[in-house]
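Participant: The sequence and its predicted three-dimensional model are supplied below.
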Amino acid sequence: MLEKVRLDKVLFLDIETVPQVYEFSKLDEKSRELFEAKTRFYQKDDKQFSEIYDERAGIFAEFGKIVCISVGLYNKTSTGSQIRLKSFYHDDEETLLKQFKTLLDDNYNTQNHLLCGHNAKEFDFPYICRRMLINGIKLPDILDMAGKKPWEINHLDTMELWKFGDFKAYTSLPLLCHVFNIPTPKDDISGADVARVYYEEKDLERIKVYCEKDVVALIQLFLRLRGDGLVEEGEIHYS
């Protein structure tokens, strides 16, 4: 079925998130109380809530924020194929979300358009929706799932595609790139470093580069899942 997907109609994406405040101690009293209530099941082996906050605050939409959304477009060319990348990144989350919404409203607003990410149905798509609503932004139609039939929701997820109906385990994007022999650049940061790079180094550009590389890996993986060849490095155009 994947070979029937029109790749020029797919928007591939990845997001990077951080806690809204860097340290648990900096939360106001009510927020600390609510974070403790939300994460009480993670508290074991005498783990402190401050440790849980460091590990998990950025992945909870109620306590985190998006600092970068990178998107990738795949196109056929006269000489083969290419990937073009664009990123929305800003310290002000509302600004980048509005910019991303404009992209979706203007260019990805029909039943023929699809969004694709890795573990995106569980993380990226709902996180974006929640943060848009929290920021008072009306959801773009392609992300508004209320009242839609399952077949009307235009989302693809490479992790779900890899599961083939098996719901027992999470498989990371780096692992799948490794088993499919997809070359990935050596990075000096990982997802676990994003909050530190953002708050301590204040290097949003570095986070953007990291996010775009994940989108490239996502597209290459999708091509391999289709049985297609990879895009050559020289045909990958970063923003």
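Facilitator: Perfect, thanks for sending it.
Participant: the helices in this protein, which residues?
Facilitator: Assigned by DSSP state H, the helices in the chain fall at 29-38, 49-56, 93-107, 124-134, 158-163, 173-179, 194-196, 204-226.
Participant: Can you name every helix or strand that the top strand by length along the chain contacts?
Facilitator: Longest strand in the chain by number of residues, with DSSP state E as the criterion: strand 64-77. The elements that strand 64-77 packs onto, with contact taken as 3 or more C-beta pairs under 8 Å, 6 or more residues apart in numbering; DSSP states H and E, are strand 10-19, strand 80-89, helix 93-107, helix 124-134, helix 204-226. In short, each C-beta sits where N, CA and C put it, glycine included.
Participant: what about 10 Å?
Facilitator: strand 10-19, strand 80-89, helix 93-107, strand 114-117, helix 124-134, helix 194-196, helix 204-226, strand 236-237 (3 or more C-beta pairs under 10 Å, 6 or more residues apart in numbering; DSSP states H and E).
Participant: closest to Ala57 out of the ones you listed?
Facilitator: strand 10-19 (3.8 Å; C-beta to C-beta).
Participant: Asp141: what's its closest spatial neighbour, skipping adjacent residues?
Facilitator: In this structure, Asp141 finds its nearest non-sequential neighbour in Asn109, 5.6 Å apart by C-beta to C-beta, 6 or more residues apart in numbering.
Participant: Can you give me the distance of that neighbour to Lys47?
Facilitator: From Asn109 across to Lys47, the span is 45 Å (C-beta to C-beta, to the nearest Å).
Participant: what does Tyr53 give?
Facilitator: Relative to Lys47, and taking C-beta to C-beta, Tyr53 is found at 11 Å.
Participant: of these two, who's got more company?
Facilitator: Tyr53 (24 against 12; other C-beta atoms under 10 Å).
Participant: Spatially, what comes nearest to the more buried one if we skip its sequence neighbours?
Facilitator: Phe24 (3.8 Å).
Participant: What's the local residue count around the closest residue to Gly229 other than its chain neighbours?
Facilitator: Once flanking residues are discounted, Gly229 sits nearest to Leu223: 6.9 Å by C-beta to C-beta, 6+ apart. Neighbour count for Leu223, taken as other C-beta under 10 Å: 20.
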